[in-house]
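Asks: Need a 3D model of the following:
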Amino acid sequence: MLSKPGEVLVRVLAVAGLTAAAVLAGQGARAGDGQGVRGDTGHGVRAGMARDAEYGTRGGMAREAERGVGAGAGQETERGVGTGAGQEAERGVGTGAGQEAERGVRAGAGRTARADGGERILFRFKDSRITESSGLAVSPTGKDVYYTHNDSSAGPVFFAVGPDGRTRATFTLRGAASRDWEGMAASIDPRTGRGVLWFADIGDNLEGAWPDISVYRVAEPTALNDAVVPAVRYRFRYEDGGHNAEGIMVHPLTGRLHIVTKQFAGAVYQAPKQLRTDRVNVLRKVGSAPIMATDAAYAPDGSSFVIRTYFSATVYRAPGEQIARVTMPELRQAESITYTRDGRYLLTGSEGSRSPVYRVPLPREVLDEAAPEPTSARRQAASTPTSGTPGDPAPTPVAAVKTGADGGGADTGVPISAVLLWLAIAAGATGVIALIARRTR
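Replies: Numbering: from 1, shown residues only. Next up, the predicted model:
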């Protein structure tokens, strides 16, 4: 039995935890539709959080702290959110001159770039089979062709979609499996000039349950007719143990593949320069990533890359070198991001039936900062010793790639209020369970 002081402590913990949870939920929860905090059951236990428990808290911990933010221009208003340019209101993030308010974590230079309300819905998926669009890529060779695939348990299938959102062709990968497809990328083979599509079977809900993960390489179909296409499978493992991941990106100039993990302490991992099919390729950590990253993509010129989270997107010059966070439209469950072929816009999508794909213009200051360096600057950077591999653009010196709890100033991806909400719920639940156990002894 608990001592009197112990019983008092448990009661205090329960009351404090539940009170904090109620206060934080009121700040972070959806303002206006009374649907509460979305839970997340996903396809199992996804890193201890549930995937989208249809407007409840089925999984116990909320994935999105439903921020009640403004819908802005072109945003969905079906959830009772307000309008206006305050896209980051009620997340503890200031608007002002694009400076982020103190959220308990630093985000690089603390700069948030806004797209001036220019985002708009490019199209909605019309195909009833596309219910969990988890990856998105623009055809590197065809005009107005967009590729997507469903999440796990949907088979090794991808869709070619036109600018009206209608499916133009469906392709099945021969000899491939679909354990947990979470992302895709597109590139061009420099030897042939043909497009290449990459499909990432990298989801791992149990953070290391699988001995290895797989990425499939497919030559982009030359005709938009339903077909079965051959795929080359590459197996990977992380140098430091298993991780859950949803982001894949391929450097457009070098063809170097990168995986971005989806964790509270996320990271960017780089694949070997030459991939092997006869052995497991080792992924090595090269930088940190925002909390709970859901996708990533390189700019078409390779000068920068973007990482998407549930709340925003962050553009980087290199791992550890953040340029700015870019505000994103509100989505039911932000899962994908890619660049348009001209590199001036980001496309971002969501899971769900008839889900939208938004086109978000990159702010001018981000485009200017992400522009390739002059040749002389590149030569000077190339002469600086780094931890990179010959043949790749000069990466960030090791000392500049910071990891750890503070993220080295990297984008955290999740508002501190959401983190506090989760912790408060956990504390309250612990106290309640302890009280119940005490009374039933």
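Asks: Distance of residue 340 relative to residue 246?
Replies: Distance, residue 340 to residue 246, using Cβ to Cβ, to the nearest Å: 21 Å. For the C-beta atoms, the positions are set from N, CA and C on the backbone; glycine is no exception.
Asks: higher neighbour count, the two?
Replies: The residue with more neighbours, out of residue 340 and residue 246, is residue 246; 29 against 16, by other Cβ atoms under 10 Å.
Asks: close enough to count as contact, that one and residue 152?
Replies: No - between residue 246 and residue 152 no contact is recorded; they are 11.1 Å apart, counting by Cβ atoms under 8 Å.
Asks: what do those two both touch?
Replies: Here residue 246 and residue 152 have 182, 203 as joint contacts, going by Cβ atoms under 8 Å, 6 or more residues apart in numbering.
Asks: Let me see the contact set for residue 134.
Replies: Residue 134 neighbours (Cβ under 8 Å, 6+ apart): 148, 149, 150, 151, 181, 182, 183, 246, 335, 336, 351.
Asks: 7 Å instead?
Replies: 149, 150, 151, 181, 182, 183, 335, 336, 351 (Cβ atoms under 7 Å, 6 or more residues apart in numbering).
Asks: my guess is the fifth one meets residue 199, correct?
Replies: I take that to be residue 182. No - with contact defined as Cβ atoms under 7 Å, residue 182 does not reach residue 199; the gap is 9.4 Å.
Asks: Helices of this protein, start to end?
Replies: Ranges of helices within the chain are 4-28, 364-370, 375-382, 416-440, based on DSSP state H.
Asks: how far away is the closest residue to residue 220 other than its chain neighbours from residue 343?
Replies: Counting by Cβ to Cβ, 6 or more residues apart in numbering, residue 220 lies nearest to residue 195, which is 3.1 Å off, once chain neighbours are set aside. Distance, residue 195 to residue 343, by Cβ to Cβ: 17 Å.
Asks: tally of neighbours for residue 263?
Replies: 16.
Asks: same deal with the one 4 residues further on?
Replies: Burial of residue 267 is recorded as 22 neighbouring residues (other Cβ under 10 Å).
Asks: which regions of the protein sit below the pLDDT cut-off?
Replies: 1-110, 114-117, 153, 373-441 (pLDDT under 70).
Asks: rerun that using 50 as the cut-off
Replies: Per-residue confidence for the chain (pLDDT under 50) gives these ranges: 1-109, 375-410, 437-438, 440-441.
Asks: List phi and psi for the nearest residue to residue 300 once chain neighbours are set aside.
Replies: Once flanking residues are discounted, residue 300 sits nearest to residue 343: 4.6 Å by Cβ to Cβ, 6+ apart. Phi and psi for residue 343, reported as degrees, to the nearest 10, are phi 80, psi 10.
Asks: my guess is residue 343 meets residue 297, correct?
Replies: No - using Cβ under 7 Å, residue 343 makes no contact with residue 297, being 10.5 Å away.
Asks: Mind checking which of the two has more residues around it?
Replies: Each of residue 343 and residue 297 has its neighbours counted (other Cβ under 10 Å); residue 297 has more, 29 against 19.
Asks: which residues does the more buried one bridge with?
Replies: Beta bridges link residue 297 to residue 306 when assigned by DSSP bridges.
Asks: before we move on, the earlier item: distance check, the residue nearest to residue 300 against residue 325.
Replies: Counting by Cβ to Cβ, the gap from residue 343 to residue 325 is 18 Å.
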